[in-house]
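# Starting from these lines, generate the structure:
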Amino acid sequence: MGGHFWFYFVPYQADIRRALLELRDREFKAGRYNPVMRLPEFPVSEASPSPGAKHSSIAKALAASGEAGTRCILDMNDVAANSAHFVVAPFPEDRLRALYGTTQPTREAVDPDMEFSEELERGQGTYVVLYKDGRPDEILFAGYSFD
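Down below sits the predicted model:
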């Protein structure tokens with residue numbers, strides 16, 4: 001089985017790590033992770049299924065997901081400066097410029113195609129700050145599951 005692409009849009013906040021941890025907590029409590037939901041659906045909205053957490057902690061959910069991982073943001077533990085497994089790193093500015101013609105893309109520019117997703121590797125995540133009217137508006141977290 002191949003890796004599964006996952007992505008989330010959250011309101012912008014300057015503390016990217018805090019935004020990541022809040023998103024992980026939200027998705028854990030909602031139960032939108034493997035093995036509760038074999039293949040969580042994206043994009044996530046208020047109307048998305050929310051069966052609730054079936055494990056007592058994120059660590060126990062990760063252990064229960066096995067080699068496939070949770071197939072969602074729960075697989076990402078932290079924010080890092082460079083790409084690596086289990087972390088989200090900023091998408092490189094030179095690649096943003098090449099794909100979208102700017103280092104400050106809007107959601108409208110990124111959302112339809114998610115062209116950047118082809119540059120991601122399994123088990124790794126990235127984030128992009130999205131702009132609206134020249135100001136940071138949202139954070140896009142995205143990545144691929146291990147399997």
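# Show the contacting residues for the residue of the chain positioned farthest from its centre.
What lies farthest from the middle of the chain is Asp133; by CA atoms, centre = their mean that is 23.7 Å. By CB atoms under 8 Å, 6 or more residues apart in numbering, the contact list for Asp133 is empty. Every residue, glycine included, has its C-beta placed from N, CA and C.
# Any regions of this protein where pLDDT drops low?
Scanning the chain for pLDDT under 70 picks out the ranges 1.
# can you give me the helices for it?
Taking DSSP state H as the criterion, the chain contains helices spanning 16-30, 58-65, 93-100, 107-110.
# how about CSV for those helices, with mean neighbour count added?
Shown next, in CSV, are the helices of the chain (neighbours: other CB atoms under 10 Å):
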stretch, mean neighbour count
helix 16-30, 17
helix 58-65, 16
helix 93-100, 14
helix 107-110, 16
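# CSV please, covering those and showing distance to Tyr144.
Below are those laid out as CSV (distance: least, CB to CB, whole Å):
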stretch, distance to Tyr144
helix 16-30, 16
helix 58-65, 15
helix 93-100, 16
helix 107-110, 17
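# Any idea which of those gets closest to Phe86?
Distance to Phe86, taken as CB to CB, is lowest for helix 58-65 among the helices of the chain, at 9.6 Å.
# now the closest one: how far from the chain's centre is it?
Put simply, helix 58-65 sits 17 Å off its chain's centre (CA atoms, centre = their mean, to the nearest Å).
# Likewise for stretch 138-147?
On the basis of CA atoms, centre = their mean, stretch 138-147 sits 3 Å off its chain's mean C-alpha point.
# go on, stretch 112-122?
Relative to its chain's centre, stretch 112-122 lies at 12 Å (CA atoms, centre = their mean).
# now the end-to-end length of it.
Using CA to CA, to the nearest Å, one end of stretch 112-122 lies 21 Å from the other.
# buried stuff in it?
Using 16 or more other CB atoms under 10 Å as the test for burial, stretch 112-122 gives 116, 120.
# One more: stretch 129-147?
In stretch 129-147, counting by 16+ other CB under 10 Å, buried: 129-131, 138-147.
# Could you work out the most separated pair of the residues you listed?
Greatest spacing in the buried residues of stretch 129-147, by CB to CB: Tyr131 and Asp147 (33.8 Å).
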